[in-house]
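**Q** whatever this is, show me its structure:
(one chain, ligands or ions: 2)
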Amino acid sequence: MAKKAKKRATKTSSSRGARSRQPQKTLNDLFVETLKDIYFAENKIIKTLPKMAKAAQSKDLAAAFNKHLRETQGQVKRLDQIFKMLGKPARGKPCEAINGITDEGAEIMKEFKGAPALDAGLLAAAQAVEHYEISRYGTLRTWAEELGMQDAARLLQATLDEEEATDHTLTELATSVINVEAEQEQLEAA
Ligand SMILES: [Fe+2]
Ligand SMILES: [Fe+2]
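**A** Ligands and ions are numbered 1, 2, ... in the order given. Model prediction:
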């Protein structure tokens, strides 16, 4: 028992030693890394939204996707501005989370092509994207405030507002889309 504890203690102190030789990463570094993550995500969303709008059966849903595509293009411009404020090149870093969420959306489009439940699936995929973005932008806005970057915080808040409004629109559409779909299924069953 004592031997094990000693071993663990040695390991901890040596890894601490290794860490102290490396430059300490700051909140500012984390902020830049997370900006790169969301920059990649937004650009991925710009490629995905037109496919979702094309696939949507409901006109309202397609219109909501197209509206958010235009907003997303503006959101990338806001990120460009923040990178500029930081004196860093605007660059994305592959984000496996958004790749996974959009892959799931692509799978639904393929498997539910022409099916009554397609729009419900598209809505679910889109809301997963919005929730990811809301989480990221909430964090980034808070960090910008903590780092004293009020202008960046304002830009991030403007995007966060758009993501939340989109989520709200999708929630409302979900109710009408699912009702239409249920009616259709009932008619087919009758
Ligand atoms: Fe976005
Ligand atoms: Fe979004």
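**Q** low-confidence ranges in the protein?
**A** Across the chain, residues meeting the criterion (pLDDT under 70) sit at 1-20.
**Q** repeat the analysis, applying 90 as the threshold.
**A** 1-23, 114, 116, 175-190 (pLDDT under 90).
**Q** how about the residues of it that lie near ligand 2?
**A** Residues of the chain lying near ligand 2 by Cβ under 5 Å from the ion: 133, 163. From N, CA and C alone the C-beta is placed, and that goes for glycine too.
**Q** and with 6 Å instead?
**A** Where the chain comes near ligand 2, counting by Cβ under 6 Å from the ion, the residues are 68, 72, 130, 133, 163, 166.
**Q** got the residues you listed as CSV, with distance to Ala106 columns?
**A** Output for these, formatted as CSV (distance: Cβ to Cβ, whole Å):
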residue, distance to Ala106
His68, 17
Thr72, 18
Glu130, 17
Glu133, 18
Glu163, 21
Thr166, 20
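**Q** mind listing what's buried in the helix ranked longest in the chain?
**A** When the chain is parsed with DSSP state H, its longest helix is helix 150-189. Neighbour-count burial for helix 150-189, counted by 16 or more other Cβ atoms under 10 Å, picks out 152-153, 155-156, 159-160, 162-163, 166-167, 169-170, 173-174, 177, 181.
**Q** between those residues, which is nearest Glu104?
**A** When those are compared for distance to Glu104 (Cβ to Cβ), Leu170 wins out at 15.7 Å.
**Q** how about the contacts made by that closest one?
**A** 64, 123, 126-127, 130 (Cβ atoms under 8 Å, 6 or more residues apart in numbering).
**Q** which one of the residues you listed has the most neighbours?
**A** Using other Cβ atoms under 10 Å as the neighbour test, the contacts of Leu170 are led by Ala126, with 27 neighbours.
**Q** chain center to the host helix or strand of that residue, what's the gap?
**A** For Ala126, the enclosing helix or strand under DSSP states H and E is helix 118-146. Centroid separation for helix 118-146 versus its chain: 4 Å, with Cα atoms, centre = their mean, to the nearest Å.
**Q** closest to Ala106 out of the contacts of Leu170?
**A** Comparing these against Ala106 with Cβ to Cβ places Ala126 closest, at 12.5 Å.
**Q** how close does the nearest residue to the closest one once chain neighbours are set aside sit to Gly100?
**A** Spatial nearest neighbour of Ala126, excluding adjacent residues (Cβ to Cβ, 6 or more residues apart in numbering): Leu170 at 5.6 Å. Separation of Leu170 from Gly100 (Cβ to Cβ, to the nearest Å) stands at 19 Å.
**Q** the longest helix of the chain to helix 118-146, inter-axis angle?
**A** Per axes from the mean of the first three to the mean of the last three Cα atoms, to 10 degrees, the angle that helix 150-189 makes with helix 118-146 is 170 degrees.
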